[in-house]
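Participant: sequence-free structure coming up:
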Ligand code: 5GP
């Protein structure tokens, strides 16, 4: 499947500095910032700076340098925010079934309260 990236999405605007964000970490290829509507005491989004729609798009087409940087950025945010202590969850929603709201790859890092089962029963 060929992904069609929409450069008017809200995270593209954040990356261009058109919308403010509460930055946790910035690296060469990645940006981490706090979710505007946190669903847990800690809710950080980590995005690559490149134009990738979702995780599989990134995993298939990003350069090794981008993938390394992004993976390490997620690890650094986890360490900075101390999520190892009480546990945490990483989520990356994609497409319609995944109920992805913003079509720019992001991983949610959630922590700070019991997060329940991964999925509610349908
Ligand atoms: P998705 O449903 O696409 O996985 O999650 C998108 C996330 O982006 C949501 O948790 C939503 O609260 C967050 N979000 C949407 N717009 C903004 C924004 O302008 N700034 C920040 N920091 N987060 C946003």
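Facilitator: Here it is on my side, so go on. Remember, predicted model here, so these are calculated numbers, not experimental data.
Participant: you'd agree residue 47 is in a strand?
Facilitator: Yes: according to DSSP: H, G, I helix; E, B strand; the rest coil, residue 47 belongs to a strand.
Participant: who's in contact with it?
Facilitator: 11, 15, 30-32, 104-107 (C-beta atoms under 8 Å, 6 or more residues apart in numbering). Glycine gets a C-beta too; all of them are placed from N, C-alpha and C.
Participant: quick one: it from residue 66, how far?
Facilitator: 11 Å (C-beta to C-beta, to the nearest Å).
Participant: can you map out the strands along this protein?
Facilitator: Secondary structure of the chain (DSSP state E): strands at 23-26, 30-34, 42-48, 88-91, 107-111.
Participant: using JSON lines, please lay out the ones you listed together with distance to the ligand and mean pLDDT.
Facilitator: Shown next, in JSON lines, are these (distance: least, C-beta to the nearest ligand atom, whole Å; pLDDT from 0 to 100):
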{"stretch": "strand 23-26", "distance to the ligand": "10", "mean pLDDT": "98"}
{"stretch": "strand 30-34", "distance to the ligand": "5", "mean pLDDT": "99"}
{"stretch": "strand 42-48", "distance to the ligand": "6", "mean pLDDT": "98"}
{"stretch": "strand 88-91", "distance to the ligand": "7", "mean pLDDT": "98"}
{"stretch": "strand 107-111", "distance to the ligand": "6", "mean pLDDT": "98"}
